[in-house]
Every structure is written in structure tokens, then in C-alpha cells.
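1. coords below, sequence missing:
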């Protein structure tokens, strides 16, 4: 990284946004897959929508956890990039490819036994259960390509070149919509597969995406400087990826299971509650894309500054990223709250599902602001290669307060204890689903606060008391 890139306080937010907006657009494009699946199956039938909700909960649990392990490549490669150790980036990427292939086998195996996951959902309708099994079998085929694509994503994020991923994801939306139309509804003489068709279309698009990205890496002269190569497995480098990646993946897994297990528990309240929860979860995920993009951009630039030996610069970038995350969260909350009812109608025409979703969206403000802060802070800590402490904080807050506390008050020994509060705050929401989401929002706020305490301590220790003029 050049000194010019590392200079100028006034340009820090602009540089975060310059790298962040392609990440945001790319993430939104990727999330459009889930939006298309939810909306198109929602208009197919309540059974298909319920199957989608349960299937996605299982798949996302597996995929996000494994993705977190691979994202260890981002701070590792970014610090190499800041220090101008360019061939080391190519070596690290090649080892991440090996790691992605091994993880894909573990993930596919976990998805081949849906009944083990559905055991906590009570008596799931047999029609729903059948579509869940079919959908997951399709996504097991998609997983190797999806994880390989994440190594390309991590590489481009680390070197501040996110537009390639954005372009591929945008192109994938068109293919995804067309394949969904074919397979969900059974067009052009094909059978109507419902949720299973959505899974098949996802698999096809992921394999197309990795094929295109591999072609770009081979043909674009820019990537030659990194000497990208797969080579043989190098245990030392794989060990470095795993030492950082396992706690990162665990943090990702803790966060996602807090909500995917929630979907499996909410399924006890029936198809309408499941569908409404799925819409709420999808809106929350879409909102999350902005702090995620800012976190990815900020974290990469902080790691580059650390690798280049500019700790004060790293701290200033982190402060700017936090300010941008809060501002973006407040704007997002305002837009969603004003357009809440049209958004719900875009997802479903079923009045029962819509009433549940509208009620749950009342918690968006508290949830999203806390989520944005904990997301940005997590990425800043990863830039410093700090992952174990955040993992423990998230486990205690999200699993202890959110998931366990939510279950206790929603479906466990204290079931119904918050029914009066839920009826007042979230009219239209089932007591169980409303309680789970309320406890999830509280747990996210606790996690964000504790992660902030850790971050400022880490950043303070890494920053010299009297910074040099070049910092």
C-alpha cells in the first residue's frame, strides 16, 4: 500500500465508501437470491414458503459457519497487501481453496440429514418435510461452488478490489430469477418443484459464478502480481487459516444459529408464524448488508494499515467506519419503518402471514442498530486478528440471552410470560415468535456493547502513545 493511500484524514470515510458500495451492491445482489426464493415460493403456496423458511435456516447455519472459516483469508491477505508481500497473497489464496473443498464435504454431509434438524420443530407437515429434504439435497450440490466463490470474494476484499464480485452477483440475479421461474412453477413443460426448484436454481447459478470468476482470475493481468496458485496443501499456512478462521467461523455460526434455530422453534406455532418469521428474517438480512459492506471495507483497510505499519491510521479508519455504520443504520431503519406495509405485501398476499410479519417488524429499529454496531466492531477486531474473545462474547449474549432466554420465555417453562408485552409492542405477532425476536434484539445490544469495550482496548494497545508524523 502506498503512502498516498495511507494519508489524509478527510479522505478516510470516502475511501471506506468507495470500497464499501460495490460490496454492498454485491451483497444485495447475493441476497436477492433469498428474496426471490422467499417471494416466489410465497406466491406459490404457504407450504412452499414454510419449506423455504426451514430449509434456508438449515442451509444458512451450515454455509455461514463454513464461510466464516474461509474469511480468515481477508485479514491475512490484507496485511500481506499492506506490507507489499504480494506472492504471499497468492499462496494463502491457494491454501484457502484446499480448505474450501474440505469444508464443503463436511457441510454437504451435515445437510443430508434434515430430520435431525427438524426434530426441534415439532410435528412438521409431511408435505413441508418432503420439500425441505429435496431443497437441501440441491443445495448440497451448490455448496462446493459457493465456498470456492467465497475464496475469490475474500481475495478481492483483501486487496480492495470488490467490483468483480459485484458484477458476477448482479449477473447472477437474472439467471436466478429465470431458473426459479422454470423450476418453482414448472414452466416450459418442466414439473413444478416448489422449494426444491429454488434449490436447483441456486446450485446452477453458483456453479456458473465460480466458472466466470476462475476465468477472470486466469485472464486478468492484474492478478498476475500475486502469483495465484493452488499447489499442494501447506500445513503451516492451513494452520494459520484455521487458527484465525475457526473462531471466526464459530462467531458467524453463533450469530446465524441464534436466528436459524429460532425459525425451527417458531415452526411450532404453525405455517403462518413460520412464513411471517421468514419475511422478518429476510428483511433483517437485507438491512444487515449495509453494515456488513461497511465492516468488510473498513476491516480490510484497517488490516492493510496494520500490515503497512501505521497503527494510528488503522485506528482512525476504525473510528470512521463506526460512525458510518451508525449513520447508515439510522437511515435504513427510517426507510423500512415508513415502507413496512408495502414491503410485507411484496413478499406475500396471504393476510395471515402478512399480519405476523408486520407485527414482528416493529422490533427492527432496536435490532438493526445493535446488529450494525456489533457487525462493524467484529470486523475491526478481526483486522487485528482478534477472534477468540469476540466469539466468547457472542456465544454468551446471542446463545445465552437470545436463544436460550428466548426459548425459556417463549416455549419453555416460562412460556407466555411476556405475552402482555408482546401484545402491546408487536400487535399481530404470535407470542412465541415475538418473544424470540425481542430476546434476540436484547442479546444483540449486549453483544455490541461488550465488543465495543474489547475493540477500544485492543486498538489502544496497538497504538503508540506518541504517534509519529507519518502515522
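-> Here it is on my side, so go on. What you see is a predicted model, and the numbers here were worked out from it, not measured in a lab.

2. and the helix or strand that contains residue 209, what does it pack against?
-> Assigning secondary structure by DSSP states H and E places residue 209 in helix 195-219. Packing contacts for helix 195-219, counted by 3 or more Cβ pairs under 8 Å, 6 or more residues apart in numbering; DSSP states H and E, involve helix 12-42, helix 46-70, helix 126-158, helix 163-185. All C-beta atoms are positioned from the backbone trio N, CA, C, and that covers glycine.

3. quick one: which of those is nearest residue 277?
-> Between residue 277 and those, the shortest separation by Cβ to Cβ is 6.7 Å, and it involves helix 46-70.

4. got the confidence number for the residue nearest the centre of the chain?
-> Closest to where the C-alpha atoms of the chain average out (Cα atoms, centre = their mean) is residue 64, at 6.4 Å. Note on residue 64: pLDDT of 84.

5. dump the residue contacts of it.
-> 252-253, 255-256 (Cβ atoms under 8 Å, 6 or more residues apart in numbering).

6. tell me which of the helices and strands packed on helix 195-219 is the most buried.
-> Across those, averaging neighbours per residue (mean count of other Cβ atoms under 10 Å) puts helix 46-70 on top, at a mean of 25.

7. which residues sit against the helix or strand that that helix is followed by?
-> Counting by DSSP H and E, the next helix or strand C-terminal to helix 46-70 is helix 73-82. For helix 73-82, the external contacting residues (Cβ under 8 Å, 6+ apart) are 1, 86, 88-89, 92-93, 96, 151, 154-155, 157-160, 240-241, 244-245, 296, 299-301, 303-308, 382-385.

8. helix 46-70 and the longest helix along the chain, what's the angle between them?
-> Longest among the helix segments of the chain by residue count, using DSSP state H, is helix 271-308. Following axes from the mean of the first three to the mean of the last three Cα atoms, to 10 degrees, one obtains 20 degrees for the angle between helix 271-308 and helix 46-70.

9. how far out from the middle of the chain is helix 271-308?
-> Centroid displacement of helix 271-308 relative to its chain, using Cα atoms, centre = their mean, to the nearest Å, is 5 Å.

10. same question for stretch 429-447.
-> Counting by Cα atoms, centre = their mean, stretch 429-447 comes out at 19 Å from the chain centroid.

11. could I get the average pLDDT for it?
-> On average, stretch 429-447 scores 92.

12. do stretch 160-168 as well
-> If you average the pLDDT over stretch 160-168, you get 90.

13. which residues are contacting it?
-> By Cβ under 8 Å, 6+ apart, stretch 160-168 touches 19, 22-23, 25-26, 29, 81, 152-153, 156-157, 209, 212-213, 216, 222, 296-297, 300-301, 304.

14. point out where the stretch 251-400 of the chain drops to low pLDDT.
-> Nowhere does the stretch 251-400 of the chain drop to pLDDT under 70.

15. what segments of it are helices?
-> 271-308, 311-338, 340-347, 351-360, 364-383, 388-394 (DSSP state H, counting those that start in this stretch).

16. make a markdown table out of those and add distance to residue 226 and mean neighbour count.
-> Output for the helices of the stretch 251-400 of the chain, formatted as a markdown table (distance: least, Cβ to Cβ, whole Å; neighbours: other Cβ atoms under 10 Å):
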| stretch | distance to residue 226 | mean neighbour count |
| --- | --- | --- |
| helix 271-308 | 15 | 26 |
| helix 311-338 | 23 | 19 |
| helix 340-347 | 42 | 16 |
| helix 351-360 | 45 | 22 |
| helix 364-383 | 20 | 25 |
| helix 388-394 | 29 | 21 |
